[in-house]
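Chemist: Below is the sequence, then the predicted model.
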Amino acid sequence: MNTDTEVPPIVLLVAVQDARDESHVATLEEAGLWVAESGSFADAFRDVVDLRPDVIVADLTANTLERQSREFVRTIKTSSATRAVPVVVLEAPGARAQLRELGPPDTRVTKPVSATALRDAVERTLAASRELRQRTGETRVDRRACPECGGPLDWVERRTVGSVEYDYYEWCARGCGLYCFELSMEQWLKLA
């Protein structure tokens, strides 16, 4: 059972089937990151809002959905709900001119990309994002790791019942359940 209070940074990897590279998931997980995947740009915006990732890795190399991929990045960077989430764009060789209309993503990486280059790009982007949040006073939503799967649980509120304090969390994104954390005994209670 995972009772760590720190959840690793969450990476949302957005890649349609013809651009999906299983090694990207393994590389990011080996770097100690929690990886969620979205298999379509149509679903990815909803996933960004629901998961509140620390960074998005968007693979724009799929030929089949070029317009949708551009629109996804444009939407992420212009929506007030998501514009603070940094984006690492994986692009095809020579695509820089085609993608210029998107405005600058936080990081660009040309494919094929080595495991080391991908990991380094994501870690640099996360570090720059953390530094910016510290300078502006913005903090990340309080999170704990789900006691069943280790995925992120977002904090909702703190309540005192009797004389005992509990932190309540959102439903686990992987469907494990609804939890609260009893602070004095430092133990999880499953509510549903």
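Modeler: Ah, there it is. Numbers count the residues shown, from 1 in each chain.
Chemist: Now residue 11: which helix or strand?
Modeler: Counting by DSSP states H and E, the secondary-structure element that holds residue 11 is strand 10-14.
Chemist: And for whatever helix or strand comes next after that strand, what's in contact with it?
Modeler: Along the chain past strand 10-14, the next helix or strand (assigned with DSSP H and E) turns out to be helix 22-30. Contacts to helix 22-30, defined as Cβ atoms under 8 Å, 6 or more residues apart in numbering, come from residues 11, 13, 15, 35, 37, 57, 59, 115, 118, 119, 122. All C-beta atoms are positioned from the backbone trio N, CA, C, and that covers glycine.
Chemist: Would you mind giving the orientation angle of the helix or strand following helix 22-30 with respect to strand 10-14?
Modeler: From helix 22-30 onward toward the C-terminus, using DSSP H and E, the following helix or strand is strand 34-38. Using axes from the mean of the first three to the mean of the last three Cα atoms, to 10 degrees, the inter-axis angle of strand 34-38 relative to strand 10-14 is 30 degrees.
Chemist: I'd like to know which elements strand 34-38 is packed against.
Modeler: Helices and strands touching strand 34-38, as assessed by 3 or more Cβ pairs under 8 Å, 6 or more residues apart in numbering; DSSP states H and E, comprise strand 10-14, helix 22-30, helix 41-51.
Chemist: Is it possible to get JSON lines of those that adds distance to residue 191, mean pLDDT and mean neighbour count?
Modeler: Written out in JSON lines, the entries for these read as follows (distance: least, Cβ to Cβ, whole Å; pLDDT from 0 to 100; neighbours: other Cβ atoms under 10 Å):
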{"stretch": "strand 10-14", "distance to residue 191": "23", "mean pLDDT": "89", "mean neighbour count": "25"}
{"stretch": "helix 22-30", "distance to residue 191": "29", "mean pLDDT": "87", "mean neighbour count": "15"}
{"stretch": "helix 41-51", "distance to residue 191": "20", "mean pLDDT": "81", "mean neighbour count": "17"}
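Chemist: quick one: which of the ones you listed is nearest residue 162?
Modeler: Residue 162 lies closest, by Cβ to Cβ, to one member of these: helix 41-51, at 33.2 Å.
Chemist: show me what contacts the closest residue to residue 79 other than its chain neighbours?
Modeler: Beyond its immediate neighbours in the sequence, the residue positioned closest to residue 79 (Cβ to Cβ, 6 or more residues apart in numbering) is residue 45, lying 7.7 Å away. Residue 45 is in contact with 72, 75, 76, 79, 82, counting by Cβ under 8 Å, 6+ apart.
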